[in-house]
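Chemist: Okay, sequence plus prediction incoming.
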Amino acid sequence: MIRNPAYNAVGTIDCELDHPVYGWIPFTAAPDDSDEGGRVIHQLLIDGQFGEIAPYVEPEPMPLTLEQIQALRRAAYVAESDPIKNEADYDALVNGTEPDYTAWIAAVEAIKARYPLPA
């Protein structure tokens, strides 16, 4: 017996098989399965022997944790904004002027907007 057939992200069919020892177990049926039994199950599913095959549904993305967002921000600061600040500091030092942090502040704000902290 087979139940709950549904296409997955790669186009094969996920379902559940009623195993004589373990009960209902997950199974993925593919037309190119190395086992003939798997190919037969796939064809039976395609032929509608176990009901309609549900379409693939993209899962909802998991929200990022505070720690993940902070890590993304830190990596972006190092790669994107820190070089701008370092250049402004260097130029100011060489020219004997105050550093112009306009571009650096804009980069930091863009990073914060891209990776907003959870409320």
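Modeler: Cool, the structure landed.

Chemist: and for the helix or strand encompassing residue 24, what are the contacting residues?
Modeler: Taking DSSP states H and E as the definition, residue 24 sits inside strand 23-29. Outside of strand 23-29, the residues within contact range by C-beta atoms under 8 Å, 6 or more residues apart in numbering are 2-3, 5, 8, 12-19, 38, 41-42, 45. Heads up, the C-betas are built off the backbone N, CA and C, glycines and all.

Chemist: can you rerun that using 6 Å?
Modeler: For strand 23-29, contacts defined as C-beta atoms under 6 Å, 6 or more residues apart in numbering pick out 12-19, 41-42, 45.

Chemist: again with stretch 78-86
Modeler: Taking C-beta under 6 Å, 6+ apart as the rule, stretch 78-86 contacts 103-104, 107-108.

Chemist: which of the residues you listed are buried?
Modeler: 104, 107-108 (16 or more other C-beta atoms under 10 Å).

Chemist: Any chance of those residues in CSV with pLDDT, distance to residue 88 and secondary structure as columns?
Modeler: Converted to CSV, the buried ones among the contacts of stretch 78-86 look like this (pLDDT from 0 to 100; distance: C-beta to C-beta, whole Å; DSSP: H, G, I helix; E, B strand; the rest coil):
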residue, pLDDT, distance to residue 88, secondary structure
104, 97, 6, helix
107, 97, 11, helix
108, 98, 12, helix
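
Chemist: any idea which of those residues is closest to residue 64?
Modeler: residue 108 (19.1 Å; C-beta to C-beta).

Chemist: Spatially, what comes nearest to the closest one if we skip its sequence neighbours?
Modeler: Spatial nearest neighbour of residue 108, excluding adjacent residues (C-beta to C-beta, 6 or more residues apart in numbering): residue 81 at 5.0 Å.

Chemist: quick revisit: make TSV from the contacts of stretch 78-86 and add distance to residue 64 to it.
Modeler: Shown next, in TSV, are those (distance: C-beta to C-beta, whole Å):
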residue	distance to residue 64
103	27
104	25
107	21
108	19
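
Chemist: Residue 77 and residue 64, how far apart?
Modeler: Going from residue 77 to residue 64 by C-beta to C-beta, to the nearest Å gives 17 Å.
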